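Colleague: next come a sequence and a model predicted from it.
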Amino acid sequence: MSFSDSLIALLITTFVLIGGYQIYLLPQKFHLRKPVDFYIFADELIPFRPNWVWAYSMLYYPLLFSVILTLQDLRQFSFVITSFILLLVLQVVIAFLIPVKTPESWRSYDPENSRSEKFLARLQAVDQGGNCFPSMHISAVFMSSFHILANTSDWLSPWIGLMVLVAVLISASTVFTKQHYVLDIPGGIALAGFVFWLFQIVS
């Protein structure tokens, strides 16, 4: 895309992310039923590592925005941004139908212990849980990855390796920070895969 088209795409993406986050939080504010847990034995094996919050937050948005760098024109961008909007809608619908929340004990740490815990506490003050499944972090990251892979012809490019590494790090961060259950990860990947499959059909 030209510089002006990329700038337009950047602005639209920013507004969609800001507005989309408010929609994402709706299931936390309006409960249709009591939240359940998706706890499995594997969750017990994963330790709490609050320093992973930096990967959870600082790598997430750059990966989402990097999709713009792989697009050819604004028409392609319109399809891509629509796929993310559909992903958000399905995410919210699932969260209303199957509200999932992590245990309160996972948030019983002292925010003053470290900068990581203080930052994590600030994030959790806004994102209070109740819509854990599937993980929106995971679904958005893998949706971005699918688009980047589809738009990149050179599969041996260092860019691809970096993108895969970032996706793996973010996935790990969701469970190390105890923001999500283990099952939220495959749920997020499956949702992203389904929406991307629809995107491939209509585009």
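Modeller: Done, it's in.
Colleague: spatially central residue in the chain, please.
Modeller: Compute the mean C-alpha point of the chain, and by CA atoms, centre = their mean the closest residue is residue 137, 1.7 Å away.
Colleague: let me know the helix or strand that that residue is in.
Modeller: Here residue 137 sits within helix 136-151, counting by DSSP states H and E.
Colleague: now the residue nearest to the centre of the chain: closest residue in space that isn't a chain neighbour?
Modeller: residue 174 (5.5 Å; CB to CB, 6 or more residues apart in numbering). Backbone N, C-alpha and C define where each C-beta goes, glycine included.
Colleague: my guess is the one you found contacts residue 135. True?
Modeller: Yes. Between residue 174 and residue 135 there is a contact under CB atoms under 8 Å: 5.6 Å.
Colleague: how many residues are close by residue 39?
Modeller: Around residue 39 there are 14 other residues, counting by other CB atoms under 10 Å.
Colleague: is it true that it touches residue 178?
Modeller: No. Residue 39 is not in contact with residue 178 according to CB under 8 Å; the separation is 11.4 Å.
Colleague: distance from the chain centre to the helix holding residue 137, please.
Modeller: How far helix 136-151 lies from its chain's middle: 9 Å, per CA atoms, centre = their mean, to the nearest Å.
Colleague: got the contact list for that helix?
Modeller: Under the contact criterion CB atoms under 8 Å, 6 or more residues apart in numbering, helix 136-151 has outside partners 24, 56, 60, 63-64, 66-67, 70-72, 80, 83-84, 87-88, 91, 155, 159-160, 163-164, 166-167, 170-171, 174, 179-180, 184-185, 187-189, 191-193, 195-196, 200.
Colleague: of those, just the buried ones, ChimeraX syntax please.
Modeller: The buried subset of the contacts of helix 136-151, as determined by 16 or more other CB atoms under 10 Å, is captured in ChimeraX by this line:
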select :24,56,60,63,64,66,67,70,71,80,83,84,87,88,91,163,166,167,170,171,174,179,180,184,185,187,188,189,191,192,195,196
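Colleague: just the ones of the contacts of helix 136-151 in helices?
Modeller: Mapping the contacts of helix 136-151 onto helices (DSSP state H) picks out 24, 56, 60, 63-64, 66, 80, 83-84, 87-88, 91, 159-160, 163-164, 166-167, 170-171, 174, 184-185, 187-189, 191-193, 195-196, 200.
Colleague: show me what contacts the residue nearest to residue 137?
Modeller: So residue 174 contacts 56, 135, 137-138, 180, 184-185 (CB under 8 Å, 6+ apart).
Colleague: returning to that earlier point: now the residue nearest to the centre of the chain: how far from residue 61?
Modeller: Remark: distance between residue 137 and residue 61 (CB to CB, to the nearest Å) = 11 Å.
Colleague: ditto for residue 27
Modeller: In this view, residue 27 and residue 61 are 22 Å apart by CB to CB.
Colleague: how many other residues sit next to the closest residue to residue 72 other than its chain neighbours?
Modeller: Excluding its sequence neighbours, the residue lying closest to residue 72 (CB to CB, 6+ apart) is residue 1, at 6.5 Å. Neighbour count for residue 1, taken as other CB under 10 Å: 17.
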